[in-house]
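Engineer: here is the input, now give the coordinates:
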Amino acid sequence: LDEQPEFLDLTTVTEGDMIHTKETEALIRTNVFSTLKNTAACRKHHIPLKRGILLEGRYGTGKSLTARVTAKVATDNGWTFVMLDRAQGLRAAIEFARTYQPCVIFAEDIDRMADRDNEDVNDLVNLIDGVISKNMEIMTVLTTNFVDKIDTALLRPGRFDAVISIMPPDPET
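Structural biologist: Modelled structure (predicted):
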């Protein structure tokens, strides 16, 4: 398909738009936003800007809204942001991101591509491992509604810097 990119209107998006439990919000701020907001300090102190994050949770818990807020934080801090509604475009997005670093790639529903019955999971593992080379400034944030369907090869320690469970808001939230 020769789909043209769609540009997000982020003029009304704020960090306050996210509605998560305090624990989930703290994990997102620490694992995603702090890298985006402190890029210069990370470079100065040789802290890698590459990240692999998996957001997992049921439908309707705020993963897509988190993507919009991440886009706002990223672009406000000089990062390119690429949003994929299908993980099948991940390879092309990574090639794009290499040219436009620092870059966040946000890909939804990775379980469609990485389930245990999909023979392409090895390609995905190699693709993600390729992104996580030392000198890349690419943050890959993947989402899933079905973490139990993802092949364990993709979930092994070291592949993702964080796996964050997005739960429905609690009464306090």
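Engineer: where along this protein do the helices fall?
Structural biologist: Along the chain, the segments classed as helices by DSSP state H run 22-28, 34-37, 39-44, 63-76, 90-99, 111-114, 121-131, 152-155.
Engineer: now those helices as CSV including mean pLDDT and mean neighbour count?
Structural biologist: C-beta here means a position set from N, CA and C on the backbone, and glycine is covered the same way. What follows is the helices of the chain, written out as CSV (pLDDT from 0 to 100; neighbours: other C-beta atoms under 10 Å):
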stretch, mean pLDDT, mean neighbour count
helix 22-28, 94, 17
helix 34-37, 96, 20
helix 39-44, 95, 13
helix 63-76, 94, 20
helix 90-99, 85, 16
helix 111-114, 64, 21
helix 121-131, 59, 15
helix 152-155, 75, 15
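Engineer: make CSV out of those helices and add distance to Asp161.
Structural biologist: CSV is the format used below for these (distance: least, C-beta to C-beta, whole Å):
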stretch, distance to Asp161
helix 22-28, 11
helix 34-37, 9
helix 39-44, 13
helix 63-76, 15
helix 90-99, 17
helix 111-114, 17
helix 121-131, 11
helix 152-155, 13
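Engineer: centroid residue for this protein?
Structural biologist: Val141 (1.0 Å; C-alpha atoms, centre = their mean).
Engineer: okay, and the beta partners of it?
Structural biologist: Ile53, Phe106 (DSSP bridges).
Engineer: for it, give me its contacts.
Structural biologist: Listed by C-beta atoms under 8 Å, 6 or more residues apart in numbering, the contact partners of Val141 are Val32, Arg51, Ile53, Leu54, Leu55, Ala67, Thr70, Val104, Ile105, Phe106, Ala107.
Engineer: follow-up on the earlier one: out of the helices of the chain, which gets nearest to Phe146?
Structural biologist: Smallest distance to Phe146 across those (C-beta to C-beta): 4.5 Å, for helix 111-114.
Engineer: mind listing what Ala162 touches?
Structural biologist: Taking C-beta under 8 Å, 6+ apart as the test, what Ala162 contacts is Leu27, Asn31, Arg51, Ile53, Leu54.
Engineer: try 6 Å this time
Structural biologist: Asn31, Ile53 (C-beta atoms under 6 Å, 6 or more residues apart in numbering).
Engineer: 5 is where my numbering starts, stick with that
Structural biologist: Sounds good: first residue 5 from here, last item Ala166.
Engineer: that one pairs with what?
Structural biologist: Beta-bridge partners for Ala166, by DSSP bridges, are Ile57.
Engineer: how near is it to Gly20?
Structural biologist: 22 Å (C-beta to C-beta, to the nearest Å).
Engineer: which of the contacts of Val145 has the most neighbours?
Structural biologist: With neighbours taken as other C-beta atoms under 10 Å, the top of the contacts of Val145 is Leu59, carrying 29 neighbours.
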